[in-house]
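[1] The following block contains a protein sequence and its predicted model.
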Amino acid sequence: RGFGGFGGFGGQEEEEDQTLKGETLVVQLEVTLKDLYVGREMKVVRDKNVIKPAKGTRRCNCKNKMVTKQVGPGMYQQFQQQECETCPNVKYAREETFLTVEVEPGMRDGHEISFFEEGEPIIDGDPGDLKFKVHTAPHPKFRREGNHLHYDMTISLVDALVGFDTTIDHLDGHKVKVTSTSVTKPGAVKKIVGQGMPLFEKAQKYGDLWIHFTVDFPNSLNDKQKKAISDNFA
């Protein structure tokens with residue numbers, strides 16, 4: 001910013017105010033894939049610094065001022081000067097608080113849930129913020145890619161050849177029907193529309209579920225089984 005006119009000899013001042021802000025904390029929040037599918041309200045204990053009264057006084061609300069002083073005819077010098085007030089003394093103390101963290105359906109890995117001014121405090125300033133960063137724990141059966149889910153399913157050789165009609169348990173426990181009326185080859189993939197992850201902040205919209213098939217071949221065949229296969233597939 002520019003200075004005002006130099007008409008007076010008492011000096012010109014420019015005040016530079018800047019509010020201090022405490023450290024912003026980022027905490028990993030481990031959630032399950034089920035939490036991200038149905039949503040979850042989590043209670044978190046926060047052990048943090050708080051500012052408490054203490055004995056004595058201290059310098060506070062210090063501000064830097066740019067002062068322009070005349071040092072001779074037509075000559076001016078500019079320098080920075082700090083001015084402070086006197087305030088009651090304070091100290092840091094540890095205190096436990098409880099926070100409720102809302103994990104919403106469809107949130108993704110890395111999503112940040114922010115709590116304004118719940119981070120580290122700073123004397124004569126505003127506290128920093130607290131951010132919970134979503135981290136998804138591995139699931140034994142499902143894996144996520146964006147809004148879609150993938151599921152590895154093993155079927156028998158008989159089911160692969162003649163077809164099957166079965167169900168799998170989804171993340172929230174509801175049954176998903178999986179069927180085939182034709183030959184299923186090893187590595188085949190089947191898409192089930194609308195059975196993937198919910199879309200974040202988009203009510204009743206879902207990605208898709210992709211079933212990846214593995215065929216469980218027998219380790220050996222007896223002569224009778226070999227002949228039956230030969231007779232039917234020769």
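    Ah, there it is.
[2] Hmm, Phe217 is touching Leu157, no?
    Yes. Using CB atoms under 8 Å, Phe217 is in contact with Leu157, at 5.6 Å. For every residue, glycine as well, the C-beta is placed using N, CA and C.
[3] any idea of the mean pLDDT for whichever helix in the chain runs longest?
    The longest helix of the chain (DSSP state H) is helix 223-233. Helix 223-233 carries an average pLDDT of 86.
[4] how far does it sit from the chain's center?
    56 Å (CA atoms, centre = their mean, to the nearest Å).
[5] buried residues in it?
    Buried residues in helix 223-233, counting neighbours by 16 or more other CB atoms under 10 Å, are absent.
[6] counting contacts, what elements does that helix pack onto?
    Judged by 3 or more CB pairs under 8 Å, 6 or more residues apart in numbering; DSSP states H and E, helix 223-233 is in contact with no other helix or strand.
[7] Please save the CA atoms from that helix in PDB.
    Extracted C-alpha coordinates of helix 223-233, given in PDB (Å, rounded to 0.1, in the frame of the first residue of the first chain):
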ATOM      1  CA  ASP A 223     -11.900 -93.000 -15.300                       C
ATOM      2  CA  LYS A 224     -15.700 -92.900 -15.100                       C
ATOM      3  CA  GLN A 225     -15.700 -89.100 -15.000                       C
ATOM      4  CA  LYS A 226     -13.200 -88.900 -17.800                       C
ATOM      5  CA  LYS A 227     -15.300 -91.200 -20.000                       C
ATOM      6  CA  ALA A 228     -18.500 -89.200 -19.200                       C
ATOM      7  CA  ILE A 229     -16.700 -86.000 -20.300                       C
ATOM      8  CA  SER A 230     -15.400 -87.600 -23.400                       C
ATOM      9  CA  ASP A 231     -18.800 -89.000 -24.400                       C
ATOM     10  CA  ASN A 232     -20.500 -85.700 -23.900                       C
ATOM     11  CA  PHE A 233     -17.900 -83.300 -25.300                       C
END
